[in-house]
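J.: coordinates for the following, if possible.
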Amino acid sequence: MPTILLADDESAITDNLAPLLTRSGFDVVVAHDGQEALDRLRANSPDLVVLDVVMPRLDGRAVLRRLRQERSTTPVILLTQVGESSERAMALEEGADDYLNKPFDPQELIARIRAVLRRGEGGGAGGLGQFQRLRSGAVLLDRVSQRVWKDGREVVLTPRATALLAYLMTHPDEVMTRERLLEAVWGWSFQTSTRSVDTRVAELRRELEDDSSDPQLITTVLGTGYRFSGHVEKA
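T.: Below is the predicted model of the structure:
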């Protein structure tokens with residue numbers, strides 16, 4: 001049974017979430033601030049950590065940085081505030097595997113936990129979000145420098161397309177609705193439409209696919225959105 005470390009200083013959240021996670025098949029360890037989260041991480045070796053960003057003593061992003069500095073591969077899901085798209089982007093670059101805006105649907109959190117754990121099963125310990133460089137066939141992405149290569153040649157993409165590629169490559173084989181991609185890459189506060197997602201996907205296909213009319217990396221899921229269908233690995 002996977003063990004989840006749930007770190008949040010809001011007792012209303014931990015008191016409700018912990019029993020729900022237990023009923024969903026997880027062992028749950030609770031921490032109420034960032035320092036306690038680090039202590040429990042080292043003592044309990046959980047399979048995944050759910051971290052609130054805003055916590056006393058040590059905030060969630062600081063805990064995440066400590067983990068990655070210690071070369072911990074434990075997957076992390078961050079709980080962020082609505083509209084803080086820049087904060088979410090930085091958290092993903094620092095090694096978070098996923099995030100959810102507060103307030104959130106607990107069932108959505110459980111679905112994200114299971115998805116991240118599945119990715120870890122496929123790629124060894126931890127998720128792809130911890131790695132700076134990712135490769136899928138001829139495509140190489142450096143998440144820190146935001147640079148992309150295909151067949152060894154650097155490809156110039158718009159910043160938004162690069163961010164979209166990074167999100168898709170850290171969530172391979174997951175069906176992504178346009179709304180979820182908007183939330184993750186643009187931020188809900190950004191006044192745009194789901195057509196923006198289609199435009200950036202078209203850019204990625206044009207630059208990265210061998211045949212953009214028959215895409216193999218970013219495939220369409222009819223009536224829903226997109227899926228990154230290529231195999232992704234640490235580069």
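J.: neighbours of residue 42, how many?
T.: 10 (other C-beta atoms under 10 Å). Just so you know, the C-beta spots here come from the backbone N, C-alpha and C atoms, and that holds for glycine as well.
J.: hang on, it in a strand?
T.: No: Residue 42 sits outside any strand when classified using DSSP: H, G, I helix; E, B strand; the rest coil, being helix.
J.: would you quantify the distance from it to residue 169?
T.: 30 Å (C-beta to C-beta, to the nearest Å).
J.: where does the residue positioned nearest the centre of the chain land on pLDDT?
T.: By C-alpha atoms, centre = their mean, the mean C-alpha position of the chain lies nearest to residue 98, the distance being 2.6 Å. In this model, residue 98 is scored at 83, pLDDT.
J.: contacts only, for it.
T.: Under the criterion of C-beta atoms under 8 Å, 6 or more residues apart in numbering, the neighbours of residue 98 are 77-78, 112, 115-116, 129, 171.
J.: go through these and name the one nearest residue 199.
T.: Nearest to residue 199, judged by C-beta to C-beta, of the contacts of residue 98 is residue 171 at 19.9 Å.
J.: once you drop chain neighbours, what's closest to the closest one?
T.: In space, residue 171 comes closest to residue 228 once its chain neighbours are excluded; the distance is 6.8 Å by C-beta to C-beta, 6 or more residues apart in numbering.
J.: quick check: phi and psi at that neighbour.
T.: phi -80, psi 110 (degrees, to the nearest 10).
J.: please put the alpha-carbon coordinates of the host helix or strand of residue 110 into PDB.
T.: Taking DSSP states H and E as the definition, one finds residue 110 inside helix 106-123. Provided in PDB are the C-alpha atoms of helix 106-123 (Å, rounded to 0.1, in the frame of the first residue of the first chain):
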ATOM      1  CA  PRO A 106     -10.300  15.800  -3.500                       C
ATOM      2  CA  GLN A 107     -11.100  13.200  -6.200                       C
ATOM      3  CA  GLU A 108      -9.000  15.100  -8.600                       C
ATOM      4  CA  LEU A 109      -6.100  15.000  -6.100                       C
ATOM      5  CA  ILE A 110      -6.500  11.200  -5.800                       C
ATOM      6  CA  ALA A 111      -6.500  10.900  -9.600                       C
ATOM      7  CA  ARG A 112      -3.300  13.000  -9.800                       C
ATOM      8  CA  ILE A 113      -1.600  10.900  -7.100                       C
ATOM      9  CA  ARG A 114      -2.400   7.700  -8.900                       C
ATOM     10  CA  ALA A 115      -1.200   9.100 -12.200                       C
ATOM     11  CA  VAL A 116       2.100  10.300 -10.700                       C
ATOM     12  CA  LEU A 117       2.700   7.000  -9.000                       C
ATOM     13  CA  ARG A 118       2.000   5.100 -12.300                       C
ATOM     14  CA  ARG A 119       4.600   7.300 -14.000                       C
ATOM     15  CA  GLY A 120       7.100   6.400 -11.300                       C
ATOM     16  CA  GLU A 121       6.400   2.700 -11.800                       C
ATOM     17  CA  GLY A 122       7.300   3.100 -15.400                       C
ATOM     18  CA  GLY A 123      10.500   5.000 -15.000                       C
END
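J.: check the average confidence over it, would you?
T.: The average pLDDT within helix 106-123 is 80.
J.: now do it: distance to the chain's middle.
T.: With C-alpha atoms, centre = their mean, to the nearest Å as the basis, helix 106-123 stands 10 Å off its chain's centre.
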